[in-house]
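Asker: Quick one: sequence plus predicted model below, questions after.
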Amino acid sequence: MSTDTGKSSTESEVSGLDYEETELKLGLPGGSRIAGSEPEKKRGFAETVDLSLAGEPRSRDPGDRSTDGLVSGAGKPPAAKAQVVGWPPVRSFRKNALKSCTYVKVAVDGAPYLRKVDLEIYGGYQQLLTALEDMFSCFTVRNYPNERRLVDPVNGTEYVPTYEDKDGDWMLVGDVPWKMFVASCKRLRLMKSSEAVNLAPRTPQGSTSAR
Amino acid sequence: MSEDEEDETRGGEEKRRSPDPGRGGGGGANPPPPFSDQVLENVLENVLQFLDSRRDRNAVSLVCRSWCRAEAQTRRDLFIGNCYAVSPARAVERFRRVRALVLKGKPRFADFNLVPPRWGAGFYPWLAALAPAYPWLERLCLKRMSISDADLSLLALSFPTFRDLTLICCDGFGTAGLAAIAEHCRHLRVLDLIENDVEEEEEEMVDWVSRFSTTSLESLVFDFVGCAVNLDALEALVARSPSLRRLRVNQHVSVGHLRRLMERAPQLTHLGTGSFGEGGGGGGEVEVADLEAAFAASRSLVCLSGFRDLAPEYLPAICPACANLASLNLSYADITAEQLKPVIIHCHNLQTFWVLDTVGDEGLQVVAATCKDLRELRVFPLDVTEDSEGSVSDVGLVAISQGCRKLRSILYFCQRMTNAAVATMSENCQELVVFRLCIMGRHRPDHLTREPMDEGFGAIVMNCKKLTRLAVSGLLTDKAFGYIGMYGKLLRTLSVAFAGNSDLGLRYVLEGCPKLQKLEIRDSPFGDAGLLSGIHHYYNMRFLWMSSCKLSLRGCKEVAQRLPHLVVEWIRDKPEEDDGEAVEKLYVYRSLAGRRNDAPPFVEIL
């Protein structure tokens, strides 16, 4: 059962899991921080409904939309409509403060600078990796059967995306369903493959990874 | 420091409308007056030192040269509303005995990412002039300036009696700079860091809180400094600061730590509560009753804010303090009307209230029923997107207008509004000085009548005779601007977005509003004709900002040619859209300093 938003269809590829299975085993991290958020089920429902409305054209006069009781804009794919810079006029520190849980720092082994990404704007792992590829423009994404790696074409060094979760453990990116990853990821690190062997080995698809 | 307090004056920045504002009027370069005149000047100085208001001082300085000199010698508080309007050298040359400086940099739309990074407003050139000129400088307030750690270090070492530092919406510095201030400013009383962009990687973080050398700290505000601080050091600092009255901590301070801090400083008047939840790494579990006791013991509290990561069960703990509160900022707390009610019903004396729209119209109704003395209300959106549902509407606005008749300032984000509601507010709230309504969906009409929002805003300018600041939104035609030009005679600041039909709209405003100081416009179909209709007025304004309008190079160049003391900046940060003719972003301001020499490559000064 896919529970993706309209933007991404690759999430389910990554772990092959569905929500029921993961919920039972791992519980839901940090869900209460987000306004009005309920367990993943509600979001799943909203997305299902939304998918059926996805074809609705955005009208110039959105007055109608504001009065119907349909699923709110939160389920609609934001990437489909161009967000205008600086509108609505709310200072970025306030926006960041209200959604601070989803901004994470990205470090690359060997690079002296850090970047930050807002995980919420990506639909899934593929989009995130593509964005990382753009950001640290020296990389290209190489897809392996069970995982993705980033490769520096200059020297062929492979980097494996890893992340630190709320418990402080370093995990390989891609092990858990996307939404769970977003909720638990504190920061990202593109680790050289040679060092990544110290992390827990990837479990084969079809089961959760645990440390 | 609220933007509403801003006041533009000509004299303070040495603006003159005379043909040669560049040379006359300055005090320092003239030969000394004859002896008898000198005596008179001394007498005058003794009188003028009691004059505080900068408007009064500006008026005084225009009387004659002697008065201008005397005033310059006695001005202790210098206000520079635009750091590029006058050169630092000129400012320190005229005003020799300044003890306090307020300096503002980037235009306000920089807050919304419309001004590209590295545009300017660096503090260093000013610092380089201030350090030798004002060794006794005590107070500095910077707003929207870029200030580096090195600058902060130099600041800390240059002024031995430095007392108050306030940084609002600044960027470029981090904890290293804060550490320098803490360590070297031995007489520091105020360190207020308000809404700055302090981003730092953990590895570079400096434990600045441990470095404080002052024992006379009165105010420490760091609620948006993003890095965790040394909590033991903070507690120790609070314990040894008997004069501390204002403390606003960041979200890394949990409710447990907060309680300990409050116990150390029961004399606080202003408290920023940090997370007010479990966040911030420990501090231990806190019983609501213990927290409540801490609030009961803080008898002087008048201003509460923070609640960055609120655990709702803790909110009622503030109740003992509510009756005395003049100001309450819950705008980071995602709470419902039910959660707000038990707290707000005690806040009879509240004058300033900031809240998230999650409380809904129902929450605002409770506010209206209780807070009869409310002067300022700000309702922020939780979901800052155009498509959001929006939780407050015309209903909440009407309720507030009926209950809070003394309202002076309102900022209201919503998705559904009606002309009738806005008109009702204009009739009920005659004291309104600031009216800022943001209907987040662009071009939205009155949601009941489907009409443009012209009549509502028209009623505001017509009925609110004290209005000086207005921000409009929703579907608006030129008619709305006609009303503004006709009735907005005291208007000083106007913000426009996605509004109007034609150049007429801009013309109405520029021709009709004689006190207009600050005009910021985005995404509205105003072109060269509209721009040129303000030629008679631009020297009287702090600035004009126009982005994504219909300006062309020809029109902007004409303004630049006809007004030589105006700096006309064409900001070209989107090369892919630049066809060489359309001016996508225009920033215009008067200046005695001419074109600035620090303009980045993407700024072309016409």
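Answerer: Arrived safely.

Asker: for the residue nearest to B:Ala156 when sequence neighbours are not counted, what are its contacts?
Answerer: What sits nearest to B:Ala156 in space, not counting adjacent residues and going by C-beta to C-beta, 6 or more residues apart in numbering or on different chains, is B:His184, at 3.7 Å. (C-beta placed from N, C-alpha, C; glycine too.) Contacts here follow C-beta atoms under 8 Å, 6 or more residues apart in numbering or on different chains; on that basis B:His184 touches B:153, B:156-157, B:213.

Asker: In ChimeraX, how would I select just the buried ones from those residues?
Answerer: To isolate the buried ones among the contacts of B:His184 in ChimeraX, judged by 16 or more other C-beta atoms under 10 Å in any protein chain shown, type:
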select /B:153,156
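
Asker: Same list (the contacts of B:His184) but as JSON lines, adding secondary structure and pLDDT.
Answerer: Converted to JSON lines, the contacts of B:His184 look like this (DSSP: H, G, I helix; E, B strand; the rest coil; pLDDT from 0 to 100):
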{"residue": "B:Ser153", "secondary structure": "helix", "pLDDT": "97"}
{"residue": "B:Ala156", "secondary structure": "helix", "pLDDT": "97"}
{"residue": "B:Leu157", "secondary structure": "helix", "pLDDT": "97"}
{"residue": "B:Ser213", "secondary structure": "coil", "pLDDT": "95"}
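
Asker: What's the separation between B:Val249 and chain A?
Answerer: 14 Å (C-beta to the nearest C-beta, to the nearest Å).

Asker: Hmm, that residue is touching B:Leu237, no?
Answerer: No - B:Val249 is not in contact with B:Leu237 according to C-beta atoms under 8 Å; the separation is 11.3 Å.

Asker: Farthest-apart pair in the contacts of B:His184, please.
Answerer: B:Ser153 and B:Ser213 (14.4 Å; C-beta to C-beta).

Asker: for chain B, what are the low-confidence residue spans?
Answerer: B:1-33, B:279-284 (pLDDT under 70).

Asker: which parts of stretch B:456-468 are buried?
Answerer: Buried, per 16+ other C-beta under 10 Å, within stretch B:456-468: B:456-464, B:467-468.

Asker: Report the distance from that stretch to the chain centre.
Answerer: On the basis of C-alpha atoms, centre = their mean, to the nearest Å, stretch B:456-468 sits 22 Å off its chain's mean C-alpha point.

Asker: Repeat that for stretch B:367-377.
Answerer: 22 Å.

Asker: can you pull the buried residues of it?
Answerer: For stretch B:367-377, using 16+ other C-beta under 10 Å, the buried residues are B:367-368, B:370-371, B:374-377.

Asker: again, but for stretch B:320-333
Answerer: B:320-322, B:324-333.

Asker: Could you give the separation of stretch B:67-80 from the chain centroid?
Answerer: 24 Å.

Asker: actually stretch B:332-344, not the one I typed
Answerer: Worked out by C-alpha atoms, centre = their mean, stretch B:332-344 lies 26 Å from the chain centre.

Asker: Mind checking if it is in reach of chain A?
Answerer: Yes - Stretch B:332-344 lies within reach of chain A by C-beta under 8 Å from any C-beta of the partner chain, at B:332, B:334.

Asker: go on, stretch B:363-382?
Answerer: Yes - residues of stretch B:363-382 contacting chain A under C-beta under 8 Å from any C-beta: B:380-382.

Asker: Excluding chain neighbours, what is closest to the residue in the stretch 51-200 of chain B that chain A sits nearest to?
Answerer: Chain A sits closest to B:Phe112 of the stretch 51-200 of chain B, with a gap of 3.0 Å, by C-beta to the nearest C-beta. In this structure, B:Phe112 finds its nearest non-sequential neighbour in A:Gly86, 3.0 Å apart by C-beta to C-beta, 6+ apart.

Asker: Pop out the phi and psi values for the one residue in the stretch 301-450 of chain B that gets nearest to chain A.
Answerer: The minimum distance from the stretch 301-450 of chain B to chain A, using C-beta to the nearest C-beta, falls at B:Asp387 (3.3 Å). Backbone geometry at B:Asp387, expressed as degrees, to the nearest 10, gives phi -90, psi 0.

Asker: what's around it, how many residues?
Answerer: 20 (other C-beta atoms under 10 Å in any protein chain shown).

Asker: isn't there a helix covering B:Glu576?
Answerer: Yes - B:Glu576: assigned to a helix according to DSSP: H, G, I helix; E, B strand; the rest coil.

Asker: Quick check: it vs chain A, distance?
Answerer: Taken as C-beta to the nearest C-beta, the span from B:Glu576 to chain A is 14 Å.

Asker: next one: B:Gly474
Answerer: Taken as C-beta to the nearest C-beta, the span from B:Gly474 to chain A is 10 Å.

Asker: Secondary structure class of that residue, three-state.
Answerer: Going by three-state DSSP: B:Gly474 is coil.

Asker: Surely it and B:Pro445 touch.
Answerer: Yes - using C-beta under 8 Å, B:Gly474 makes contact with B:Pro445 at a distance of 6.7 Å.

Asker: what touches both of the two?
Answerer: With C-beta under 8 Å, 6+ apart as the test, B:Gly474 and B:Pro445 both reach B:452-453.

Asker: who's more crowded, the two?
Answerer: Using other C-beta under 10 Å, the more surrounded residue of B:Gly474 and B:Pro445 is B:Gly474, with 29 against 22.

Asker: about what we covered before: and of the buried residues of stretch B:456-468, the nearest to A:Tyr113?
Answerer: For these, the nearest to A:Tyr113 is B:Thr468 (44.7 Å; C-beta to C-beta).

Asker: re the thing from before, what would the buried residues of stretch B:456-468 look like in a markdown table with secondary structure and distance to chain A?
Answerer: Shown next, in a markdown table, are those (DSSP: H, G, I helix; E, B strand; the rest coil; distance: C-beta to the nearest C-beta, whole Å):
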| residue | secondary structure | distance to chain A |
| --- | --- | --- |
| B:Gly456 | helix | 15 |
| B:Phe457 | helix | 17 |
| B:Gly458 | helix | 20 |
| B:Ala459 | helix | 21 |
| B:Ile460 | helix | 18 |
| B:Val461 | helix | 20 |
| B:Met462 | helix | 25 |
| B:Asn463 | helix | 25 |
| B:Cys464 | coil | 21 |
| B:Leu467 | coil | 19 |
| B:Thr468 | coil | 19 |
